[in-house]
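Q: No sequence on hand, only this structure:
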């Protein structure tokens, strides 16, 4: 029983960490954490709609496409 409880704690901790990393403390869990922390709910909602990693991923895709186009010689 202790192993099952430990596994559930680990899984819950990973889920909590990923939610906070992706959306920030103001936007995690749909902004409900923002009200507990006293943050502005409107700002938290805007932050939740934009993942933090989106810009760098889009930039990497554009760079990859540009590199591929240069290799083909258009």
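A: Thanks, I have it. Not measured: the values here are computed from a predicted model.

Q: And the pLDDT for the residue nearest the centre of the chain?
A: In the chain, the residue lying closest to the centroid (CA atoms, centre = their mean) is residue 22, at 1.5 Å. Per-residue pLDDT puts residue 22 at 80.

Q: and the gap between it and residue 28?
A: Separation of residue 22 from residue 28 (CB to CB, to the nearest Å): 8 Å. The way it works is simple: take the backbone N, C-alpha and C, and place the C-beta from them, glycine included.

Q: circling back to that earlier point, name the residues of the helix or strand harbouring the residue nearest to the centre of the chain that are buried.
A: Element membership of residue 22 [criterion: DSSP states H and E] is helix 2-27. The neighbour-count check on helix 2-27 (16 or more other CB atoms under 10 Å) flags 19, 23, 24, 26, 27 as buried.

Q: Reformat these as CSV; add distance to residue 68.
A: Output for those, formatted as CSV (distance: CB to CB, whole Å):
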residue, distance to residue 68
19, 34
23, 32
24, 33
26, 38
27, 34
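
Q: Return the member of these nearest to residue 61.
A: The closest of the buried residues of helix 2-27 to residue 61 turns out to be residue 23 (CB to CB; 21.6 Å).

Q: That closest one and residue 70: what is the separation?
A: 36 Å.

Q: pLDDT below threshold where in the protein?
A: 31, 39-54, 74 (pLDDT under 70).

Q: returning to that earlier point: other SSEs contacting the helix holding residue 22?
A: helix 32-37, helix 41-49 (3 or more CB pairs under 8 Å, 6 or more residues apart in numbering; DSSP states H and E).

Q: That helix: how far from the chain's middle?
A: 13 Å (CA atoms, centre = their mean, to the nearest Å).

Q: from the buried residues of helix 2-27, which two are the most distant?
A: 19 and 26, at 12.0 Å, using CB to CB across the buried residues of helix 2-27.
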